[in-house]
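Novice: 3D, please:
(one chain, ligands or ions: 1)
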Amino acid sequence: MALNSAGEIPAAAAIFHAFLATLPVSIILVLRLKKKKRVPAASELPPLPPSPPSWPLIGNLPEVMFHTKPFFRWVHDVMKEMKTDICLIRLPGGATIVPVLDPAIAREMLRKHDASFADRPTSLGSHVISGGYLTAVLGPHNDQWRKMRKVLTSEIVSPARHRWLHDKRAEEADNLVFYVHRHCVAGKSVDLRVATQHYCGNVMRKMLFGRRFFGNPTSDGGPGPTEVEHLEAVFTALKNLYWSSISDYFPGLRGWNFDGKEKIVKEADKAIKAPQNPIIDERIRQWRSGERKEIDDLIDVFVTLKDDDGKPLLTAQEIKCQAAEIMMAVIDNPSNAVEWTMAELINQPDLMRKATDEIDRVVGKDSPRLVQESDIEKLNYVKACIREAFRLHPVFPFNVPHVSTHDTVVAGYLIPKGSHALLSRYGLGRNPKVWTDPLRFDPERHMGGDDGEVVLTEHDLRFISFSTGRRGCVGTVLGTCMATMLLARLLQCFTWTAPSGGVDLAEAENELSLATPLLAFPEPRLAPHLYPETN
Ligand code: HEM
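Specialist: Model prediction:
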């Protein structure tokens, strides 16, 4: 059977032949066919992807929700047993999830059939955080998403805006060094999970709200209770975005908080927005009253955008939800990648030395300065380390889900309309058909491209960093910059040792972070005058 270029199943050719062959009844046929497209017989359709055995009506819900293993571990085990890189998991109400472990199949979905897979699922978590889908990451593929994505690309992460915000990021890079240096002075170990997550949170708060903290920092420049609560809420919201509540499988149950998840999600949403929203309300008031005249941060940018009639382009609710979503988009990936990279490098001092040698070479060993954003282009080994962390230790097992808007044929299989395509970050990055010795942390595998420059993007989807296509990440430059500066400053400014000689690289059972946060002792590597004295 011929398929059209979009991989959809055409009915028109078959209808035309039927019409010619049965001329005497053609008038009746025409009338019928006008009303109804011919539905191909089941035998004509490509097969569905292989599925694990499932239950009538509820599909694999028991395995997905109540298995002793977390969902992603169960899925990967099942696919290994079935020896397949694509499968179809059935859920109640005819819903289907299609996990993918093969880059070629992933590219078919997000490059060849990008338009067919541009939608997002609805869920309790995504609905609450996005204020009913007002935002760019979580919203379905519609005009509201187009509007918000355009605002982000043209006003928030554009190259000009990125340059404009440089000094705010640079201050935070200095604050990071100050914070770690305080630990050296006090002879204390650093919790690198706290350091990396709060660096990312501080950078984004500074760029959005013009301040790194909503409350008061600790005496060493670390996060105070308000910031700790803020970031905990960000991670709780991220972990509960999709398929966390029973109401994600039975939407009719939403509003009843049967399994307690609704309360968790709403509290996380409140804790993210509680310190943010009053600042946004106050800014709107200041701009309306004419009290504020200078654009100083990204909230000012959001508030002052105008539509074609000169009216505010964004409502207060749109700004509030988009600001919360940005906090969620920015912190998890770079902080997790750098914590894992530090753990791997502490265990492999040769690799650590290669990275610090590169930084010294690029900055100039005797030159009295800290590594800067302008050095990033040349820090190829440092970037290769981060790429390797994205490949081997992604922050979440799956990419943000994409929903198919048509029946589409991928890898010879029929992916039914409405399926949730789940590209496995875990499975792509560890696929032995793509990567030799996939469990070994080896930055070298990313070196030696055509022009020698290493980038963090991976459009071929051999692993997922920023993904690709029309729903791909808009923050590649900012994300690269934050992750590279974070790692480069930690490596340039300090020598690191683990408390018991080596780091236990065990993964958490329910997620992909290190099972326990990475603790390490820093010692200064540079001349004393290079360490900031205040923050
Ligand atoms: C190292 C840092 C980052 C990584 C690894 C990362 C990764 C990703 C990934 C994997 C997606 C999902 C793409 C898909 O659905 O196929 C995504 C989406 C997105 N990211 Fe990022 N991101 C990072 C930083 C940022 C930053 C700094 C921003 C800036 C505000 C941002 C904004 C977004 C947005 C708006 C989307 C959704 C795009 C859409 O659905 O149309 N991200 N990101």
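
Novice: which residues of this structure score low on pLDDT?
Specialist: Along the chain, segments meeting pLDDT under 70 span 1-43, 450.

Novice: What parts of it come near the ligand?
Specialist: Contact residues (CB under 6 Å from any ligand atom) of the chain with the ligand: 136-137, 149, 152, 157, 326, 329-330, 333-334, 399-400, 464-467, 471-475, 478-479, 483. All C-beta spots, glycine's among them, are computed from the backbone N, C-alpha and C.

Novice: Please indicate which of these are buried?
Specialist: Among the residues of the chain next to the ligand, those buried by neighbour count (16 or more other CB atoms under 10 Å) are 136-137, 149, 152, 157, 326, 329-330, 333-334, 399-400, 464-467, 471, 473-475, 478-479, 483.

Novice: Out of those residues, which sit inside strands?
Specialist: Assignment to strands by DSSP state E places none of these there.

Novice: Can you give me the first-to-last residue distance of stretch 86-93?
Specialist: End-to-end distance of stretch 86-93: 21 Å, with CA to CA, to the nearest Å as the criterion.

Novice: Which of the buried ones among the residues of the chain next to the ligand fall in helices?
Specialist: Using DSSP state H, the subset of these located in helices is 149, 326, 329-330, 333-334, 478-479, 483.

Novice: quick one: which of those is nearest to the ligand?
Specialist: Of all those, residue 479 has the smallest distance to the ligand: 2.6 Å, by CB to the nearest ligand atom.

Novice: three-state assignment of residue 97?
Specialist: Classification of residue 97 by DSSP: H, G, I helix; E, B strand; the rest coil places it in strand.

Novice: Enumerate residues external to stretch 366-382 that contact any of its residues.
Specialist: Stretch 366-382 is contacted from outside by 166, 169-170, 173-174, 177, 354-355, 358-359, 362-363, 383, 443, 447, 452-454, 480-481, 484-485, 487-489, 491-493, 526-527, 529-530, using CB atoms under 8 Å, 6 or more residues apart in numbering.

Novice: just the buried members of those?
Specialist: Taking 16+ other CB under 10 Å as the criterion, what is buried in the contacts of stretch 366-382 is 169, 173, 177, 354-355, 358-359, 362-363, 383, 443, 454, 480-481, 484-485, 487-489, 491-493, 526.

Novice: Look up how far the ligand lies from residue 250.
Specialist: According to CB to the nearest ligand atom, to the nearest Å, residue 250 and the ligand sit 25 Å apart.

Novice: for the stretch 351-500 of the chain, what spans make up the helices?
Specialist: 380-392, 425-429, 476-493 (DSSP state H, counting those that start in this stretch).

Novice: Could you name the helices and strands sitting against the last one?
Specialist: Spelled out, that is helix 476-493. Packing partners of helix 476-493 (3 or more CB pairs under 8 Å, 6 or more residues apart in numbering; DSSP states H and E): helix 159-164, helix 166-186, helix 192-209, helix 316-347, helix 349-363, helix 380-392.

Novice: which stretch among these comes nearest residue 93?
Specialist: Nearest of the helices and strands packed on helix 476-493 to residue 93, taken as CB to CB: helix 316-347 at 27.4 Å.

Novice: Please find the angle between the direction vectors of that closest one and helix 349-363.
Specialist: Per axes from the mean of the first three to the mean of the last three CA atoms, to 10 degrees, the angle that helix 316-347 makes with helix 349-363 is 120 degrees.

Novice: If you count neighbours, what's buried in helix 316-347?
Specialist: Across helix 316-347, burial judged by 16+ other CB under 10 Å covers 318-347.

Novice: before we move on, what about stretch 427-435?
Specialist: For stretch 427-435, burial by neighbour count (16+ other CB under 10 Å) applies to 427-431, 434-435.

Novice: From start to finish, how long is that stretch in a straight line?
Specialist: End-to-end distance of stretch 427-435 (CA to CA): 11 Å.

Novice: next one: stretch 77-97
Specialist: 16 Å.

Novice: List the contacts of it.
Specialist: Residues from elsewhere that reach stretch 77-97 (CB under 8 Å, 6+ apart): 48-52, 54, 57-61, 64, 69, 75, 98-102, 105, 249-250, 410-411, 413, 416, 418-420, 422, 427, 431.

Novice: If any of those are buried, put those into a ChimeraX selection.
Specialist: In ChimeraX syntax, the buried subset of the contacts of stretch 77-97 is picked out as below (16+ other CB under 10 Å):
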select :48,49,51,52,54,58,59,60,61,64,75,98,99,100,101,102,105,249,410,411,413,416,418,419,420,422,427,431
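
Novice: before we move on, back to that, nearest to residue 224, out of the helices of the stretch 351-500 of the chain?
Specialist: helix 476-493 (20.5 Å).

Novice: Run through who's touching stretch 235-244.
Specialist: By CB under 8 Å, 6+ apart, the residues outside stretch 235-244 that reach it are 64, 71, 121, 123-126, 129, 138, 248-249, 261, 264-265, 267-269, 272, 328, 332, 396, 401, 511.
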